[in-house]
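Asks: Got a predicted structure plus its sequence, pasted below:
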Amino acid sequence: MAVVAGGRQAVRGVRGTVGGDGYCDGCGRRRNVGSDHAEHDLPGVAAVTDLGLRKGRNEDAYAIGVAGGRRAVVVCDGVSSAPDSDTAATTAVVEAIEVLLGSGDVAGAYRSASAAVAKLAGDGAPFDAPACTFLAAVVEDGQLTVGWVGDSRAYWLDGDGARCLTVDDSLAGQLAAAGVDADALRLSAQAAALTRWLGADAPAGDPHVTTLRPSTAGVLLLSSDGLTRYPIWTGIVEGDGGALELARRLTAFARDAGGADNITVAAVPIDGEPDTGPDRGDVRP
């Protein structure tokens, strides 16, 4: 089994010793949990995370892993309005990837990550708790399963273009999924606000889960909204190279487009299988 996580780094610009509370005893600065830039490439799965150009720290995190014929990915985006959201995202991906590789249970991985992130609140006010989104996928035996809470997204990329497999947990996302033109609402901070997330103050419930057994070759792409906030990203998917090069190319695009948020992109190439019937899984556009 091979597992790697992007989101942990040595303390930069901190003088002294960092204690268990995450703060330096010399200068009092908080340890930065996220990496300014990280990338990993395993057989059949790769990921990149980047600080972007306008954020002071990277609150995104990812974990990827391979165990036998099972490939797994987790992408979490810290909620910027919550404290210690970088810690929440990193905690969630580390907890979830172990469950995914051990059992392939996306819902179980979510519950494990959710419990771990909720504990980060400690004795503090639950309404001011560390929080993050959750997006995870398992690919095994030609089938992909995606689970999510929040607005990090998964896409199926093939010769027909990019097909979104997730629905954002926000008012704008729900309206768009219902076929309502929500372009104007997307300009509103209230419409874009999350309706579900991981954290001690999160609404109860299991993640959304969808499955797909592709009949053609393609790529499963998972990303934080640091990429998908720029809709024209789908126009630069084509190019040479494998999964890591695709993740690098999309990350570079998001930076060139403005880099307004942290960026995380993970890619899983899938060979595809011949279609043997009409029921090929439950997919939400």
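Replies: Yes, it's here.
Asks: Name the residue closest to the centre of this structure, please.
Replies: Val75 (2.3 Å; CA atoms, centre = their mean).
Asks: Quick check: the gap between it and Ala154.
Replies: Distance of Val75 to Ala154, given as CB to CB, to the nearest Å: 9 Å. C-betas here are computed from N, CA, C, even on glycine.
Asks: and what of Arg71?
Replies: Counting by CB to CB, the gap from Arg71 to Ala154 is 14 Å.
Asks: And the helices in the chain, which stretches?
Replies: 85-103, 106-119, 171-177, 183-186, 189-192, 225-228, 243-256 (DSSP state H).
Asks: Just put these in TSV and tack on distance to Val66 and mean pLDDT.
Replies: Below are the helices of the chain laid out as TSV (distance: least, CB to CB, whole Å; pLDDT from 0 to 100):
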stretch	distance to Val66	mean pLDDT
helix 85-103	8	97
helix 106-119	16	97
helix 171-177	31	78
helix 183-186	36	58
helix 189-192	35	71
helix 225-228	23	95
helix 243-256	12	96
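Asks: May I see those helices arranged in CSV, with distance to Asn262 as well?
Replies: As requested, the helices of the chain are exported to CSV (distance: least, CB to CB, whole Å):
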stretch, distance to Asn262
helix 85-103, 9
helix 106-119, 17
helix 171-177, 19
helix 183-186, 19
helix 189-192, 16
helix 225-228, 5
helix 243-256, 9
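Asks: I figured the residue nearest to the centre of the chain hits Leu222, correct?
Replies: Yes. In this structure Val75 lies within contact range of Leu222 using CB atoms under 8 Å: 4.7 Å.
Asks: Can you pull the residues that touch both of these two?
Replies: Shared contacts of Val75 and Leu222, defined by CB atoms under 8 Å, 6 or more residues apart in numbering, comprise Leu135, Ser152, Ala266.
Asks: Give the burial count for the second one, as a bare number.
Replies: When you say that, I think you mean Ser152. 28 (other CB atoms under 10 Å).
Asks: That one reaches Asp225, doesn't it?
Replies: Yes. Ser152 is within contact range of Asp225, at 6.7 Å (criterion: CB under 8 Å).
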